[in-house]
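S.K.: build me a structure from this.
(one chain, ligands or ions: 1)
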Amino acid sequence: MSTTDVDLSQNGSIRADTFCLGIEECDFSKLLERPRPLNMERQRSYDERSLHELTMGLSPQPASRTAEYSSRIIDHLEYSVSPGRRSGFSTPRSHIGFEPHPMVAEAWEALRGSLVHFRGQPVGTIAALDNSEEKLNYDQVFVRDFVPSALAFLMNGEPEIVKNFLLKTLRLQSWEKKIDRFHLGEGVMPASFKVLHDPVRNTETLIADFGESAIGRVAPVDSGFWWIILLRAYTKSTGDTSLAELPECQKGMRLILSLCLSEGFDTFPTLLCADGCCMIDRRMGVYGYPIEIQALFFMALRCALLLLKQDDEGKEVVERIVKRLHALSFHMRSYFWLDMKQLNDIYRYKTEEYSHTAVNKFNVIPDSLPEWIFDFMPTRGGYFIGNVSPARMDFRWFCMGNCIAILSSLATPEQSTAIMDLIESRWEELVGVMPLKVCYPAIESHEWRIITGSDPKNTRWSYHNGGSWPVLLWLLTAACIKTGRPQIARRAIELAETRLPKDNWPEYYDGKLGRYIGKQARKFQTWSIAGYLVAKMMLEDPSHLGMISLEEDKQMKPLLRRSSSWTV
Ligand code: GLC
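M.R.: Numbers count the residues shown, from 1 in each chain. Next up, the predicted model:
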């Protein structure tokens, strides 16, 4: 099966060759403001292989698969240089020679203070170092929370802790996972883990939470995806491919992927999830096909393609990934995308259409369009909406999903530009005085009661319900750099700098504009600290972007003439 055989379509059918048409090429080199080290351009030869190339690798080959893989590795090794090994320095130096902001030193100190050790080795960072509030599970190492910490350490030339974390969580994956009498899938990665010290026996043990202790018993669908994404960031940043090559890492990836690539009753290529399965880990109406998970799924699939060996066990997984990526990108770019033109189309939709010729495929009733969307939608700009399923479009804006869509190139270059346009024109709503709204707008009154189950932590404009989360700054900054709009990130970072250290690095802020420290926000929240550091380091040296961003794959370009406003 080759890429060109993939058949996706309206009634089933846009042919894959049309993916190469329609949208102009994205010239990555123009997107970065500052000159990048030479190695970045060359690294692409390893990293940015198109699906087509990889699919070609699936057909019978004269040389062994291992040889193919090692040539990719050598290619990578030859050209990749770590962004700067500065272990020993407690704060990074600016490579263009200006003094770091005083907050940076303070943030590094706090980040180092959050390190968690297991048997003498650093293995992660604690979620929050706040002794004034009830700890709950904030004394644990969360997989998703560790990502910005890991990136900060990689960018500072300290990859060991990231390697330790990846290996430790991999061991946890192999644990038997059970909720009451029900066994969870083998590949599930934990939401968080904790080191238990026994002072009497002088021993240390790990305990992990796969959802069986979590509030609401939600399993973290995002953890496995973050794990794969981090493995690729480590490999890209260090040039050390030996970690990803380990049989246990290869197996770990296959297990994660087999959870989401298995065949079932699905009619869509998106991943069906329960509510609260990601950063928003409480009931917030993010069940179904939430954008955050779909974007992470897409990114993890692309990272896995780069890391998986095409040996006997990997080959079949690679084949399934390639097919899924094509279907997933088509589905997301077509049905999750909303701009002025698409909104107007939905507004005028006919309903109750049957058969392949239906325009309103999911039978969305125009009356279900919320009032706020008409004012919110700018003339220029667009975004991926929160969720799409039969007769349901969740029009809310979710920051994480849209940023990951840009970084993974799930968004076409035109869509990425449109997302940034939207952020600029809806600055007050999405950024206000503290970056950034986790979602917009908040749900209130009757809707809040029905959707959250009257959750007192998620009242309007608080926490997950329209609260402002400083951690999202790193994702915004990365998206800004990728789209060539670093000035947007600078503006957001300056806002954060006026409050974050003064307020002791809160987890989140409340209010329409984000003016108030969150009702139950923890202080010294590690990912608020690390997110700030990563944002600063990326702006200073945009070549860091490479470890968390993937080039557009030309083979995946859909021919979609429907929404001409993509090219706003
Ligand atoms: C909250 C957040 C979750 C985070 C955890 C630890 O539960 O919703 O995303 O991982 O705190 O910081």
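
S.K.: identify the bridge partners of the closest residue to residue 459 other than its chain neighbours.
M.R.: Closest residue in space to residue 459, ignoring its immediate chain neighbours: residue 465 at 6.6 Å, by C-beta to C-beta, 6 or more residues apart in numbering. Using the backbone N, CA and C atoms, a C-beta is placed for each residue, glycine as well. Beta-bridge pairing of residue 465 under DSSP bridges involves residue 462.

S.K.: quick one: contacts for residue 465?
M.R.: Neighbour list for residue 465: 284, 439, 442, 443, 448, 452, 455, 458, 459 [criterion: C-beta atoms under 8 Å, 6 or more residues apart in numbering].

S.K.: report how many residues lie close to the last one.
M.R.: Okay, so that is residue 459. Using other C-beta atoms under 10 Å, residue 459 has 19 other residues around it.

S.K.: pretty sure it contacts residue 448?
M.R.: Yes: contact criterion C-beta atoms under 8 Å: residue 459 and residue 448 qualify, at 7.1 Å.

S.K.: check contacts around residue 452.
M.R.: Taking C-beta under 8 Å, 6+ apart, we find residue 452 in contact with 282, 283, 284, 285, 443, 458, 465.

S.K.: quick check: closest non-adjacent residue to the third one.
M.R.: Going back to what we said before, that points to residue 284. Counting by C-beta to C-beta, 6+ apart, the residue nearest residue 284 is residue 464, at 5.1 Å.

S.K.: swap in residue 255?
M.R.: Nearest non-adjacent residue to residue 255, counting by C-beta to C-beta, 6+ apart: residue 187, 3.3 Å away.

S.K.: burial of residue 367, as a residue count?
M.R.: Per other C-beta under 10 Å, the neighbour tally for residue 367 reads 6.

S.K.: so how far is the ligand from it?
M.R.: According to C-beta to the nearest ligand atom, to the nearest Å, residue 367 and the ligand sit 33 Å apart.

S.K.: before we move on, the earlier item: what number of residues lie near the residue nearest to residue 284?
M.R.: 22.

S.K.: please apply the same query to residue 350.
M.R.: Residue neighbour count, defined by other C-beta under 10 Å, stands at 10 for residue 350.

S.K.: repeat that for residue 391.
M.R.: By the criterion of other C-beta under 10 Å, residue 391 has 11 neighbours.

S.K.: same thing with residue 133?
M.R.: Residues lying near residue 133 (other C-beta under 10 Å) number 13.

S.K.: now do residue 183
M.R.: For residue 183, the tally of surrounding residues (other C-beta under 10 Å) stands at 9.

S.K.: that one contacts residue 210, correct?
M.R.: No: counting by C-beta under 8 Å, residue 183 stays clear of residue 210, with 10.6 Å between them.

S.K.: need the residues touching each of the two.
M.R.: In terms of C-beta under 8 Å, 6+ apart, residue 183 and residue 210 are both contacted by the residues residue 177.

S.K.: the closest residue to the ligand within the stretch 301-450 of the chain: what's it in contact with?
M.R.: Nearest to the ligand in the stretch 301-450 of the chain, going by C-beta to the nearest ligand atom, is residue 438, at a distance of 8.8 Å. Applying C-beta under 8 Å, 6+ apart to residue 438 gives the contacts 279, 280, 398, 399, 400, 464, 466, 467, 468, 469, 472, 508.

S.K.: repeat that for residue 449.
M.R.: With C-beta under 8 Å, 6+ apart as the criterion, no residue contacts residue 449.

S.K.: doesn't it fall inside a helix?
M.R.: Yes: assignment of residue 449 by DSSP: H, G, I helix; E, B strand; the rest coil places it within a helix.

S.K.: mind listing what the residue nearest to residue 179 when sequence neighbours are not counted touches?
M.R.: The shortest distance from residue 179 to any non-neighbouring residue, by C-beta to C-beta, 6+ apart, is to residue 212 (4.5 Å). Going by C-beta under 8 Å, 6+ apart, residue 212 touches 177, 178, 179, 184.

S.K.: now residue 509
M.R.: Each residue near residue 509 by C-beta under 8 Å, 6+ apart is listed here: 434, 467, 468, 469, 470, 515, 516, 517, 518, 521.

S.K.: residues of the protein that sit close to the ligand?
M.R.: Contacts of the chain with the ligand, taken as C-beta under 6 Å from any ligand atom, map to 127, 142, 144, 145, 279, 281.

S.K.: save the contacts of residue 438 as TSV, and put in pLDDT too.
M.R.: What follows is the contacts of residue 438, written out as TSV (pLDDT from 0 to 100):
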residue	pLDDT
279	97
280	97
398	98
399	98
400	98
464	98
466	98
467	98
468	98
469	98
472	98
508	98
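
S.K.: turn those into JSON lines, columns for distance to residue 490.
M.R.: Below are the contacts of residue 438 laid out as JSON lines (distance: C-beta to C-beta, whole Å):
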{"residue": "279", "distance to residue 490": "25"}
{"residue": "280", "distance to residue 490": "28"}
{"residue": "398", "distance to residue 490": "23"}
{"residue": "399", "distance to residue 490": "18"}
{"residue": "400", "distance to residue 490": "21"}
{"residue": "464", "distance to residue 490": "27"}
{"residue": "466", "distance to residue 490": "25"}
{"residue": "467", "distance to residue 490": "23"}
{"residue": "468", "distance to residue 490": "18"}
{"residue": "469", "distance to residue 490": "19"}
{"residue": "472", "distance to residue 490": "16"}
{"residue": "508", "distance to residue 490": "22"}
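
S.K.: which ones among those lie within helices?
M.R.: Mapping the contacts of residue 438 onto helices (DSSP state H) picks out 399, 400, 472.

S.K.: write the ChimeraX selection for whichever of those residues are buried.
M.R.: In ChimeraX syntax, the buried subset of these is picked out as below (16 or more other C-beta atoms under 10 Å):
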select :399,400,472
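
S.K.: done for today, thanks.
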